[in-house]
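>>> Got a predicted structure here, sequence first:
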Amino acid sequence: MAENTFRSPKGVHDILPKDHEYHTYIKKVIRHRARQAGFRRITTPMFENTRVFAQSIGETSDIVSKEMYTFADKKGRSLTLKPEGTAGVVRSFIQHGMNKLPQPVLLYYIEPHFRYDRPQKGRYRQFWQFGFEIIGESDPALDAQIIQLSHKVNEDLGIDGILTLQLNTIGLPESRTEYMQVLQDFYAGKERSLCETCLNRLDKNPLRLLDCKEEDCQILAKLAPDMRDYIDKESLAYHEELLSYLDEMEIEYTENKKIIRGLDYYTKTVFEFWDRETGAQNAIGGGGRYDGLIEQMGGQNTPAVGYAAGIERIIANMKREKIRVPSKDDLHVFVAQLGKEAKKKCLVLIDELREEGIKAMGALGKGSIGVQLKMADKFNVPYAILIGLTEVREKTAIIRDMQKGTQETLPINKVPARLVKMIGENNLDKYSPGELLYS
RNA sequence: GUGAGUGUAGCUCAGUUGGUUAGAGCAUCUGGUUGUGGUCCAGAGGGUCGUGGGUUCAAAUCCCAUCACUCACCCCA
């Protein structure tokens, strides 16, 4: 690529038509499952005041401390491209007084998100994420429902079999604070055995030390006091209840005490879906309960639970498992014509075909029948329509079966109905705008 | 942010110890065939070898820098 040509910026990519088949399909599954469960779609702005994220996700989190696209607008306001979905949804919940709606409020979103991170497979600076949030009620059954819904989506997309559900409880913030103190006390005097990053983390986020991959740190982590011994009784009971619901629904899970999540707002339940083979490196989604967040952001004390997953990662997994999605983009028919009069007839005919839900394309430029049929072949259509001088004169058209190579001539006004029959009602791309309601 | 690997046509890749005008397959376009596609045949277009600099009589090839991609760490979607 020469110097004077443009390339997309580092870490972002075009979604080309082929990949859109995946995106379209996945979004369809999400919308379908969300609607079935009573969720309603919400779209929050692509950027928020920086404080929305800084306050909710936590100043010391990786996201806020080094991965945000933050910029000043012309009036010097600090704005940030959204790095995750929950903070914006919560801001919107508070701003629009959704606590006055019947509780709980069930919301879902499908949107691009932005993080300044070193690109890798399944890790981009702009990525599509979808999420579900249940706000306004606290009950293990709701956590179970969020997990069930996520699980259902994975199932529909054919990747459920390659994922494991990793589950943990991190308790209420107070008990976590106590445990963090216990951890700091435990590590006091052992600093020499810790790696550099852990030394930095010890002060602000000691929970992370348990997760470190360095050998020496791991040895220490194994000796460290168990978080479960310090978690409040209420959270432990809550967790047990959740487990019993998951058992009832026959959803498999792995209890993983190392799951603590990188966002500060979680309480009690946290979970991630991991790739069975590559583990945490390839988490396709995760979530948990965030009972304190709404109040912390200036709303009333409101419990909530949510889940979010990355669409590009799901696609990567689907491709690895050789899962394909049906293409809705394939054309049904190609209309070839010869001569100016035929072209007129074709323009009208193509419109009629499309009204019937037949995906039709014509070579309305010049070209011999041969060239046009070649195009029809390239576009891989099952049928072609041929209209030449003779057909115009006789008010007919030829329908050609591209696979068999057979043809039939029939009156041009009978063509749409005939094609509908050949293609099959179920395969049509019907669009019915006649659904508008007027009051 | 740290470490490693890779950059040659739209795609997949050859290109020897540095040596004339940088190649192949696929794809694209044209013609053989101005009323019938797929196969076949003939031909064409498309590259300042990622970019910039250096070494050399001579660089796709060696050196340095830079950018991008990939992988690992980190973290997560």
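That came in fine, so what should we check first? Numbers count the residues shown, from 1 in each chain, chains lettered A, B, ... in the order given.
>>> Tell me the secondary structure at residue A:137.
Classification of residue A:137 using DSSP: H, G, I helix; E, B strand; the rest coil returns coil.
>>> who are the neighbours in contact with the one residue in chain A that gets nearest to RNA strand B?
Closest approach between chain A and RNA strand B, counting by C-beta to the nearest atom of the strand: residue A:262, at 1.5 Å. Quick note: C-beta positions are derived from backbone N, CA and C, even for glycine. When contacts are counted by C-beta atoms under 8 Å, 6 or more residues apart in numbering, residue A:262 touches A:61-63.
>>> if I look at the closest residue in space to residue A:66 that isn't next to it in sequence, how far off is residue A:283?
Among residues not flanking residue A:66 along the chain, residue A:116 sits closest, at 7.3 Å (C-beta to C-beta, 6 or more residues apart in numbering). Applying C-beta to C-beta, to the nearest Å, the value for residue A:116 to residue A:283 is 19 Å.
>>> neighbour count winner among these two?
Between residue A:116 and residue A:283, counted using other C-beta atoms under 10 Å, residue A:283 has the larger neighbour count: 19 against 15.
>>> so how many other residues sit close to residue A:253?
17.
>>> per-domain residue ranges of chain A.
Structurally, chain A divides into domains by automatic domain parsing as follows: A:17-172+A:231-320, A:333-427.
>>> Of those domains, flag the one that's most buried.
Stretch with highest mean neighbour count among the domains of chain A: domain A:17-172+A:231-320 (a mean of 18; mean count of other C-beta atoms under 10 Å).
>>> and that one, how far apart are its ends?
End-to-end distance of domain A:17-172+A:231-320 (C-alpha to C-alpha, to the nearest Å): 19 Å.
>>> was I right about residue A:268 contacting residue A:239?
Yes. Proximity of residue A:268 to residue A:239 meets the contact threshold set by C-beta atoms under 8 Å, at 7.0 Å.
>>> what sits in contact with each of the two?
Joint contacts of residue A:268 and residue A:239 (C-beta under 8 Å, 6+ apart) are residue A:169.
>>> where does the stretch 251-400 of chain A come near RNA strand B, residue by residue?
Counting by C-beta under 7 Å from any atom of the strand, the stretch 251-400 of chain A comes close to RNA strand B at A:261-263, A:272, A:278, A:280-286, A:308-310, A:312-313, A:338, A:368-371, A:373-374, A:376-378, A:386, A:388-391, A:398, A:400.
>>> Out of those, list just those in helices.
With DSSP state H as the criterion, helices contain A:312-313, A:369-371, A:373-374, A:376-378, A:389-391 from among those.
>>> contacts for the helix or strand of chain A with the lowest mean pLDDT?
Within chain A, no helix or strand scores below helix A:196-204, which has a mean of 73 by mean pLDDT, DSSP states H and E. The contact list for helix A:196-204, computed with C-beta under 8 Å, 6+ apart, reads A:60, A:184, A:187, A:191, A:194, A:208-209, A:212, A:214, A:217.
>>> repeat that with 6 Å
With C-beta atoms under 6 Å, 6 or more residues apart in numbering as the test, helix A:196-204 has contacts from A:60, A:187, A:208-209, A:212, A:217.
>>> Before I go, just wanted to say thanks for your time.
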